[in-house]
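Sequence and predicted structure below; questions after.
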There are 2 protein chains.
Amino acid sequence: MLDQKNNPYQQRIEKALESILPVATDHKSPNKLEEAMRYAVLDGGKRVRPLLVYATGEALGFSLGSLDKPAVAIELMHAYSLVHDDLPCMDDDELRRGKKTVHKAFDEATAVLTGDALQALAFEVLSQQDPDISLQNQLTMLNILAKVSGNSGMVQGQAIDLAAVGQVLTEQQLEKMHSHKTGALIRGSVLMASHCSSEERNKKLMDQRCALKNYAEAIGLAFQVRDDILDIQSDTETLGKQQGADIAADKPTYPSIMGMDKAKEKLFLLHQQAIDSVVNFGKEADLLRDIAAFIVKRIA
Amino acid sequence: MLDQKNNPYQQRIEKALESILPVATDHKSPNKLEEAMRYAVLDGGKRVRPLLVYATGEALGFSLGSLDKPAVAIELMHAYSLVHDDLPCMDDDELRRGKKTVHKAFDEATAVLTGDALQALAFEVLSQQDPDISLQNQLTMLNILAKVSGNSGMVQGQAIDLAAVGQVLTEQQLEKMHSHKTGALIRGSVLMASHCSSEERNKKLMDQRCALKNYAEAIGLAFQVRDDILDIQSDTETLGKQQGADIAADKPTYPSIMGMDKAKEKLFLLHQQAIDSVVNFGKEADLLRDIAAFIVKRIA
């Protein structure tokens, strides 16, 4: 189901992103910024983080409508990070999601500004009041989004990544890097979604949030292990970005540190850990289970 | 009073910024990101935007403690914008506040990440719950901060600015650019501060917010007119950045469009407009009046 581009969640997030992104209406003004923002976000991407938002909300019985804002916000944040990561002074990539990267399709200055504007837009969307969510929960979601994105989350991961080029890392150090770089937004998706209600705290909800956090940590790491394996085993066309880019850039990866067999074993164990985390949920958590399976088996 | 580095508001904001910025404690990890964040924010800057937050709060009788978070948030946002504006692909500046720009003191990738992390930190600070401010007001402040920073505010201004290089602009077009680029954060400072209370809306407060918005629009534009005049009349040492940089970059400025005399007259009228906006306030708005005077008379 998750492999199909036309699953209902995918359609829902595409529509929500489409409607939130600005359109340049003033034809006298330069509209490169709005164009580049749309280019960076629309028509591409697996939407794993929004799917996690919807899946978590479903597991907790929250309404789909209350989940749109965090789903959009986390995808905008992810899209901004890709635009900046691809810059010449960072990973210097030319391809992303099978298209030219933003600084190649537009220019470098526009790419910097596009990322900046997408980050601001993520917070703008999430700070619009929602009648289905308590103000307290909404503030908590904003705080989660800020924390997983900044210097104690994703940006820190990128800084560690840049400093790690050409270095020999231990498995523990590699895990720290990925826990920030990729793991943070994945945790953020699940944590934000677990606050999409008017209810703030009760014993059952607190237990469920804890279980979901464990799930998110396992799949966050699994996502990266699979990415590292794909960088070696897939091809550029399937990936939509340069195959072998990590190796070419002399970046440490799970297969390079622990060998391919051990990396695959680790992936299997993380999948198990994710499934075990949601063992107390019924079939309302099936989408979370599907996503875990998708993440460890995906081919791009 | 505002010319002195040791006025009580200045000391308050420096202390608040110092305590909110991260310190690299893990000596095994790269700490360039935290270092660069501190470098970009501390020990420099006139802190005009935080001063505006405190001055607006004073005019409305709000407690100083409730104003610290928006004061810090708006200065972090401003600092991030400077780091990105200075990048080689943007304005390519080497000096800022009399020090090397971040990409010169560190490197380009670190400068991109530093700006990204400072933006996230601004939202993180502002989303921490404050007992003196209603949840509704806090959410409103976050929404204001996002709007004035992103593609309908500051980042849009920067995009218009980049597209305007070498172009002939009308006064109206120049005003649109600055209303976004510099004006947005100045308006944001005043608007956010006017929500720093547990009270949300009453007739008097709504009228006061409207008056303060007019004040903010006038000084926001005045700030930029003064900046353009200084770019021609000051020297590099006093400015702390390259004198004549706008002219060298072939950027449109108020003096270049309307002549120096008309630009100075415009500055005088904007000052008058700002003072008139707060005519119904008593001496509790004196700091706002001082800031307006400072902005039109500053030498750097």
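That came through fine.

the bottom helix or strand of chain A by mean pLDDT?
Ranked by mean pLDDT, DSSP states H and E, the weakest helix or strand in chain A is helix A:236-239, scoring a mean of 63.

So which residue is dead centre in chain A?
Residue closest to the average C-alpha location in chain A (CA atoms, centre = their mean): residue A:49, at 4.4 Å.

My read is that that one contacts residue A:73, right?
No: checked against CB atoms under 8 Å, the pair residue A:49 and residue A:73 is beyond contact range at 9.5 Å. Heads up, the C-betas are built off the backbone N, CA and C, glycines and all.

For residue A:184, list the residues it contacts.
A:148-149, A:153-154, A:157, A:220 (CB atoms under 8 Å, 6 or more residues apart in numbering or on different chains).

From the residues you listed, pick the one nearest chain B.
Checking the contacts of residue A:184 against chain B by CB to the nearest CB gives residue A:149 as the nearest, at 4.5 Å.

which one is that closest one nearest to, not counting chain neighbours?
Distance criterion CB to CB, 6 or more residues apart in numbering or on different chains; nearest residue to residue A:149, sequence neighbours excluded, is residue B:120 at 4.5 Å.

Now do the helix or strand the one you found falls within: distance to the chain's middle.
According to DSSP states H and E, residue B:120 maps onto helix B:108-126. Relative to the centre of its chain, helix B:108-126 is centred 16 Å away, using CA atoms, centre = their mean, to the nearest Å.

What is it packed up against?
On a contact count with 3 or more CB pairs under 8 Å, 6 or more residues apart in numbering or on different chains; DSSP states H and E, helix B:108-126 meets helix A:68-85, helix A:108-126, helix A:135-149, helix A:154-164, helix B:32-41, helix B:68-85, helix B:102-105, helix B:135-149.

can you give me the angle that helix makes with helix A:154-164?
For helix B:108-126 against helix A:154-164, the angle by axes from the mean of the first three to the mean of the last three CA atoms, to 10 degrees is 160 degrees.

Show the average pLDDT along helix B:108-126.
Per-residue pLDDT over helix B:108-126 has a mean of 98.

Just the angle for it relative to helix B:68-85, thanks.
Using the same axes, to 10 degrees: helix B:108-126 against helix B:68-85 is 160 degrees.

and helix B:108-126 with helix B:32-41, angle?
With the same axes, to 10 degrees as the basis, helix B:108-126 and helix B:32-41 are set at 70 degrees to each other.

Taking their axis directions, helix B:108-126 and helix A:135-149 sit at what angle?
Using the same axes, to 10 degrees: helix B:108-126 against helix A:135-149 is 160 degrees.

Hmm, residue A:218 and residue A:186 touching each other?
No: using CB under 8 Å, residue A:186 is not in contact with residue A:218, being 9.8 Å away.

which neighbours do those two share?
Joint contacts of residue A:186 and residue A:218 (CB under 8 Å, 6+ apart) do not exist.

Now the phi/psi pair for the closest residue to residue A:38 other than its chain neighbours, please.
Excluding its sequence neighbours, the residue lying closest to residue A:38 (CB to CB, 6+ apart) is residue A:21, at 5.1 Å. The phi/psi pair for residue A:21 (degrees, to the nearest 10) reads phi -70, psi 140.

Could you report the neighbour count for residue A:21?
20 (other CB atoms under 10 Å in any protein chain shown).

One more: residue A:175?
The number of residues packed around residue A:175, counting by other CB under 10 Å, is 17.

buried residues in the host helix or strand of it?
Remark: residue A:175 resides in helix A:171-181, with elements defined by DSSP H and E. Buried residues in helix A:171-181, counted by 16 or more other CB atoms under 10 Å in any protein chain shown: A:173-181.

what does stretch A:16-25 give?
For stretch A:16-25, using 16+ other CB under 10 Å, the buried residues are A:16-17, A:20-22.
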